[in-house]
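J.: Attaching a predicted model along with its sequence, questions to come.
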Amino acid sequence: GGGSGIADDDPVADAGLSFVVPGTEADELLPGGARKAVTSSSVCEFVDLVAQRVAVGGADAAIGAMAAGVAEASAPPALLCLREEEVVMLLRRDDAELWTEEEVLASVVCAHGYTRESPQVAWLARVLSTLDARQRAYFAEFITGAPRLPLRGFRGLEPALTVVRKAGSSPDEMLPSCSTCQVYLKLPPYSSEEVLREKLLQAMEEGRGFFALT
């Protein structure tokens, strides 16, 4: 429109969104947000601000409204050029605080050959705490089938992540496997943290895109 600084053919602006929490009219995401239109150039900032608000407030209604609004506004080229994992990273920029050794050890269930005192469990927690954002998405997909954990991280998994011992005559040559429906990680008794990291990363890469049920 004339004088507004918004392109007439902007499909995001046509949705009529402003910088307020979706589903409300006055809960501004930033000062003056009710008067600031969401456009193709600012939709990423809008999604990020809503995601931050949801992460703090945990408002299910806002999540649904945001998803519907962004899907309607951005169906043309704004988000279609992004892969699924890139959209996930856009919505949730950095969840590293949910992947610390302490978070993993507080949430994991050890069974069938492992206890919390097993060195392999401690190594697993340490390795997971060092993954970058892309690797975290790969591990989440490896154990759950989805490229991200719940809002509460490992603590939000239902059922909880369970680590069990994977038997074999040459564990350092074996890859870990998983049962996504049960969130079971079948981990061989590796001889070192370095071997565990190498084999876990290999399994994550090779296992992407399908459910491993063995």
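T.: Structure's in. What do you need? Residues are numbered from 1 along each chain as shown.

J.: and Gly32, how many neighbours does it have?
T.: 9 (other C-beta atoms under 10 Å). Glycine gets a C-beta too; all of them are placed from N, C-alpha and C.

J.: next one: Pro159
T.: 10.

J.: Contacts only, for it.
T.: Applying C-beta atoms under 8 Å, 6 or more residues apart in numbering to Pro159 gives the contacts Gln182, Val183.

J.: what's the neighbour count on Arg35?
T.: Residues near Arg35, counting by other C-beta under 10 Å: 10.

J.: Glu97 now?
T.: The burial count for Glu97: 8, using other C-beta under 10 Å.

J.: Can you pull out the low-pLDDT segments for this structure?
T.: Flagging of the chain using pLDDT under 70 yields the residue ranges 1-8, 54-94, 208-214.

J.: Strands of that one, residue ranges please.
T.: 109-111, 162-165, 177-179, 184-187 (DSSP state E).

J.: and the first one, which residues are buried?
T.: Neighbour counts using 16 or more other C-beta atoms under 10 Å place Cys110 of strand 109-111 among the buried residues.

J.: which residues touch that strand?
T.: For strand 109-111, contacts defined as C-beta under 8 Å, 6+ apart pick out Arg116, Ser118, Val121, Ala160, Leu161, Thr162, Val163, Val164.

J.: Neighbour-wise, which one of these leads?
T.: Val163 (25 neighbours).

J.: Now that one: closest residue in space, sequence neighbours ignored.
T.: Leu185 (5.0 Å; C-beta to C-beta, 6 or more residues apart in numbering).

J.: show me what contacts that neighbour?
T.: Leu124, Ile143, Leu161, Thr162, Val163, Val164, Pro176, Cys178.

J.: any idea how far Glu25 is from it?
T.: Distance, Leu185 to Glu25, using C-beta to C-beta, to the nearest Å: 46 Å.

J.: Check Gly113 too.
T.: Counting by C-beta to C-beta - Gly113 and Glu25 are separated by 57 Å.

J.: and the two? which has more neighbours close in?
T.: Gly113 (14 against 9).

J.: Tell me what the residue nearest to the more buried one when sequence neighbours are not counted is bridged to.
T.: Closest residue to Gly113 apart from its sequence neighbours, by C-beta to C-beta, 6+ apart: Arg165 at 2.8 Å. Arg165 forms beta bridges with Leu187, as assigned by DSSP bridges.
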